[in-house]
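Trainee: Only the shape, not the letters, is given here:
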């Protein structure tokens, strides 16, 4: 396991300490959780972009039109 030093303003560090205490975990564990969430979001975006690059804009707009119709919204213009 690697060790990493980060610099944050003192007021933010105090708020992070309070949050960790509220959750009953260490600041280290809190940062581990935050990094896991950030990486999961990044991975999801990469997967989305990869799938989107293979998709059809026309078909995507058609699906959105179907959703709009299902929810009683007006049709999109292409």
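Mentor: Yep, it's here. From a predicted model like this one, the values you see are computed outputs, not experimental measurements.
Trainee: Does residue 40 lie in a helix or a strand, and which?
Mentor: Assigned by DSSP states H and E, residue 40 belongs to helix 27-54.
Trainee: tell me which strands and helices that helix is in contact with?
Mentor: Helix 27-54 sits against helix 10-23, with contacts defined as 3 or more CB pairs under 8 Å, 6 or more residues apart in numbering; DSSP states H and E. C-beta here means a position set from N, CA and C on the backbone, and glycine is covered the same way.
Trainee: Mind listing residues that contact the helix it packs on?
Mentor: When contacts are defined by CB atoms under 8 Å, 6 or more residues apart in numbering, helix 10-23 is touched by residues 8, 26, 27, 29, 30, 31.
Trainee: Put the buried members of the residues you listed into a PyMOL selection.
Mentor: Filtering the contacts of helix 10-23 down to the buried ones (16 or more other CB atoms under 10 Å) takes a single PyMOL command:
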select buried, resi 30
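Trainee: where does the residue nearest the centre of the chain land on pLDDT?
Mentor: The chain has residue 41 as the residue nearest its centroid, 3.7 Å off, counting by CA atoms, centre = their mean. Predicted confidence (pLDDT) for residue 41: 97.
Trainee: First-to-last residue distance for stretch 52-61?
Mentor: Start to finish, the residues bounding stretch 52-61 are 13 Å apart (CA to CA, to the nearest Å).
Trainee: Would you indicate which residues of it are buried?
Mentor: By neighbour count with 16+ other CB under 10 Å, stretch 52-61 contains no buried residues.
Trainee: Averaged pLDDT, it. What do you get?
Mentor: 88.
Trainee: and the helix or strand of the chain with the lowest mean pLDDT with helix 27-54, angle?
Mentor: Of all helical and strand segments in the chain, the minimum by mean pLDDT, DSSP states H and E falls on helix 57-70, at a mean of 89. Here the directions of helix 57-70 and helix 27-54 differ by 110 degrees (axes from the mean of the first three to the mean of the last three CA atoms, to 10 degrees).
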